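**Student:** Generate a structure from the sequence data that follows.
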Amino acid sequence: MFSIPGRQAVTLTPAAVRQIQRMMEREGRHGLRIGVRKGGCAGMEYTMEWADAAEPMDEVVEQDGARVLIAPMAQMFLIGTEIDYEVGLLESGFRFRNPNVVESCGCGESVKFADPASAS
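**Tutor:** Just a heads-up that it's a prediction; the model follows:
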């Protein structure tokens, strides 16, 4: 795993905790799995899906009853990320404040990450 000892890879705002808790209870699921995949105009997209159990290499982040599972391929891209849940007039959803993002597309659906090799 790519986490920093004694520190979670991601943190959740109180709004994100409340939303994940509500969704876990409503759906009867173990947690919310977050990952990344190639796609979108900036190169990468976040993925979110319900999980019935943690996979062996998932990093599990638990905060105040909310559980987020980070897929192995996403762990190095998500270190230091704050996940929020925002409610707006036209749309509501999770927002990722990720210090590893160097570029995002105009619609906000995809991102480009810093090259891990240049982070030294």
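**Student:** May I see the buried residues of the top helix by length along the chain?
**Tutor:** As assigned by DSSP state H, the longest helix anywhere in the chain is helix 14-27. By 16 or more other C-beta atoms under 10 Å, the buried positions in helix 14-27 come out as 16-17, 19-20, 24. Backbone N, C-alpha and C define where each C-beta goes, glycine included.
**Student:** Could you dump the residues you listed into TSV with pLDDT and distance to G31 added?
**Tutor:** Below are the buried residues of helix 14-27 laid out as TSV (pLDDT from 0 to 100; distance: C-beta to C-beta, whole Å):
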residue	pLDDT	distance to G31
A16	97	13
V17	97	12
Q19	96	13
I20	96	8
M24	95	7
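**Student:** Report the secondary structure element holding the most centrally placed residue in the chain.
**Tutor:** By C-alpha atoms, centre = their mean, the chain has its centre lying nearest to I34, at 4.8 Å. Here I34, judged by DSSP states H and E, is contained in strand 31-39.
**Student:** now do V61
**Tutor:** Counting by DSSP H and E, V61 is part of strand 59-63.
**Student:** packing partners for that strand?
**Tutor:** Of the remaining helices and strands, those touching strand 59-63 by 3 or more C-beta pairs under 8 Å, 6 or more residues apart in numbering; DSSP states H and E are strand 10-12, strand 66-70.
**Student:** Just the C-alphas of whichever strand or helix holds G93, formatted as CSV.
**Tutor:** Taking DSSP H and E as the definition, G93 sits inside strand 92-97. Taking C-alpha atoms only, strand 92-97 is exported to CSV below (Å, rounded to 0.1, in the frame of the first residue of the first chain):
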residue,chain,number,x,y,z
SER,A,92,-25.3,17.3,-5.7
GLY,A,93,-22.4,15.0,-5.4
PHE,A,94,-19.1,14.0,-4.0
ARG,A,95,-16.1,16.4,-4.6
PHE,A,96,-12.5,15.3,-4.5
ARG,A,97,-10.0,17.9,-3.3
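**Student:** list the buried ones in that strand?
**Tutor:** In terms of neighbour count (16+ other C-beta under 10 Å), strand 92-97 has its buried residues at 94, 96.
**Student:** For G28, give me the pLDDT.
**Tutor:** Predicted confidence (pLDDT) for G28: 93.
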